[in-house]
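Novice: Sequence unavailable; structure follows:
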């Protein structure tokens, strides 16, 4: 009887998390569109990560919509400022690596190899950006600096986050309906579960920087 009850409770918890992630993903898409994509993506993504961070810290009772809207509204300008700076850097890296036509010389091939390495390092920084943004209380221009620190402090975790992000996208790209309900929220959840232990270790080591409440 106890085994049956435990199985049912586990199924209920799974269904609850399933519905939470689906609802959060729809909020992410909706508020991204509400911000005309460009200006909605960064605050909506930050709000999504912030909600999942609260879940990860044991706060499951708060309204998902109210929490999401509070973060989206409050950090709209700040998230766009930090996010757009990150996007500009990423765009420059994309042009340098994939658009610029390198001459077939030894020196240019070395330069191209260096740029590939820098692009990979940028990916390690990028996957930490939103987890850092929702966990630490910093000035908007300091988030990239902190993401760089995290990437160098825990490069294997960052590499795992890159692989998981690509893997989830690759699998869900074959199932558009699943992507609609779970792409952003699933990746956010997995990234935060990997990143948060690194943050706690950093804070326990020196007590800084200040954590968001």
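Specialist: Arrived safely, thanks for sending. It should be emphasised that the depicted structure is a prediction, and the values quoted were computed from it without experimental measurement.
Novice: sec struct for residue 174, please.
Specialist: coil (DSSP: H, G, I helix; E, B strand; the rest coil).
Novice: Got phi/psi on it?
Specialist: When read as degrees, to the nearest 10, the backbone of residue 174 gives phi -80, psi -10.
Novice: Please report how far it lies from residue 168.
Specialist: When distance is defined by Cβ to Cβ, to the nearest Å, residue 174 is 12 Å away from residue 168. In this view, the C-beta of every residue, glycine as well, is placed from N, C-alpha and C.
Novice: Repeat that for residue 128.
Specialist: Taking Cβ to Cβ, one finds residue 128 at 17 Å from residue 168.
Novice: Neighbour count for these two, which is higher?
Specialist: Comparing residue 128 with residue 168 by other Cβ atoms under 10 Å, the one with more neighbours is residue 128, at 28 against 18.
Novice: who's in contact with the helix or strand containing residue 77?
Specialist: Per DSSP states H and E, residue 77 falls inside helix 76-94. Defining contact as Cβ atoms under 8 Å, 6 or more residues apart in numbering, one finds that helix 76-94 is touched by 35, 39, 41-43, 45-46, 115, 118-119, 122, 126, 129, 133, 140-141, 143-144.
Novice: Next, the buried residues of it.
Specialist: Within helix 76-94, the residues scored as buried using 16 or more other Cβ atoms under 10 Å are 76, 78-83, 86, 90, 93.
Novice: Just after it, pick out the following helix or strand.
Specialist: The C-terminal neighbour of helix 76-94 among helices and strands, as given by DSSP H and E, is helix 106-135.
Novice: out of everything not next to it in sequence, what's closest to the residue nearest the centre of the chain?
Specialist: Closest to where the C-alpha atoms of the chain average out (Cα atoms, centre = their mean) is residue 130, at 4.4 Å. Residue nearest to residue 130 in three dimensions, not counting chain neighbours: residue 49, with 4.6 Å by Cβ to Cβ, 6 or more residues apart in numbering.
Novice: list the contacts for the one you found?
Specialist: Applying Cβ under 8 Å, 6+ apart, we find residue 49 in contact with 130-131, 133-134, 188, 191-192.
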